[in-house]
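Asks: What follows is a predicted protein model with its sequence.
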Amino acid sequence: MENAFDLPAVSDPMSRHPKIPGPGEPIRLHHSLCYGCGDDAPIGLRLKVIAGEGFTVSAQMVVEQWMQGGPGVIHGGVLTAAFDEILGTAPLTIGAPVVTAHLEVDFAKPIPLGSTLHLDAEVLAKERRKVFVRASAHLGDPENPVATAHSIFVEIDLKKHFAAYRDDAAQSRP
Ligand SMILES: CCCCCCCC(=O)SCCNC(=O)CCNC(=O)[C@H](O)C(C)(C)COP(=O)(O)OP(=O)(O)OC[C@H]1O[C@@H](n2cnc3c(N)ncnc32)[C@H](O)[C@@H]1OP(=O)(O)O
C-alpha cells in the first residue's frame, strides 16, 4: 500500500539510540497510568512494546470482550489506540519523545474477539521535529495484514509539554 501521508524526499539522519533495549527486550513504560501501556491504568490495553531491529518495535494484544465494537469484532477506536501506542513508542528507537499529531488507520479485515493481534511499527523518516511512522497488524500471518496505520509524531520537550497538565492528571486518578 502506498503511503497516504507525505514522506520527506530526504530524511534527516537517524541512528538507533544507545539506551534503547536490544531486539526482543521490552521498552520501559512511558507512564504507569497510560491507557495504552500503563500497568496501573484502571482501564487500558497494557501493551508491552518490544524493541526490534533498527527502528522497529512490536507488541501483541489478545482481543478481549471489553474491546468489542461488534458484534464479535474489535472496536475501531480500540485498534486505533493500540496503533497510537505502538506508533508512538517507535520513535524512542531514535531517541525522540513524541506526541501524536496525525494518525490515519486503514481497516482491512474484521478482527474477531479472542484473536491475538500482532502489531509492528517502524520509523520511516524524520524531518526536523516530525517523525514519520508506519504500523501494521496481523493475526499470525504478516503477509496478510488486517489493518495498517500511518502517522506523524512531533518531537517534544517532555517536561515542558506536560508541565501544565501533571497536577490535573493526578487529581483525575480514581
Ligand atoms: C512512549 C510514548 C508512547 C505514546 C503513545 C500515545 C501518544 C499520544 O496519544 S500523545 C496524545 C495525543 N496527542 C496530543 O495531545 C498532541 C496535541 N498537539 C500538540 O500538542 C501540538 O499540536 C504539537 C506538539 C503536535 C505540535 O505543536 P508545536 O509544538 O507548536 O509544533 P508546530 O510548530 O505546530 O509543528 C511542528 C511540525 O509538525 C507539523 N505538524 C503539526 N501538527 C501536524 C499535523 N496534525 N499533521 C501534520 N503535521 C503536523 C508542523 O507542520 C511542523 O512541521 P514543519 O517542521 O515542517 O514546519
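Replies: Great, that's in hand.
Asks: can you give me phi and psi for the closest residue to the ligand within the chain?
Replies: When scored by Cβ to the nearest ligand atom, the chain has residue 88 as its residue closest to the ligand, at 2.7 Å. (C-beta placed from N, C-alpha, C; glycine too.) Residue 88 has phi and psi values of phi -70, psi -20 when expressed as degrees, to the nearest 10.
Asks: residues from this structure in reach of the ligand?
Replies: Residues of the chain lying close to the ligand by Cβ under 6 Å from any ligand atom are 30, 36, 84-85, 88-89, 92, 99-102, 128-130, 152, 154, 156.
Asks: now do 8 Å
Replies: Proximity of the chain to the ligand (Cβ under 8 Å from any ligand atom) is limited to residues 5, 27, 30-31, 34, 36-37, 49, 84-85, 87-89, 91-92, 97-102, 127-130, 152-154, 156, 161.
Asks: ok so, going back, give me the neighbour count for the residue of the chain closest to the ligand.
Replies: Number of residues near residue 88 (other Cβ atoms under 10 Å) recorded here: 25.
Asks: shouldn't it be in contact with residue 153?
Replies: Yes - Residue 88 is within contact range of residue 153, at 6.1 Å (criterion: Cβ atoms under 8 Å).
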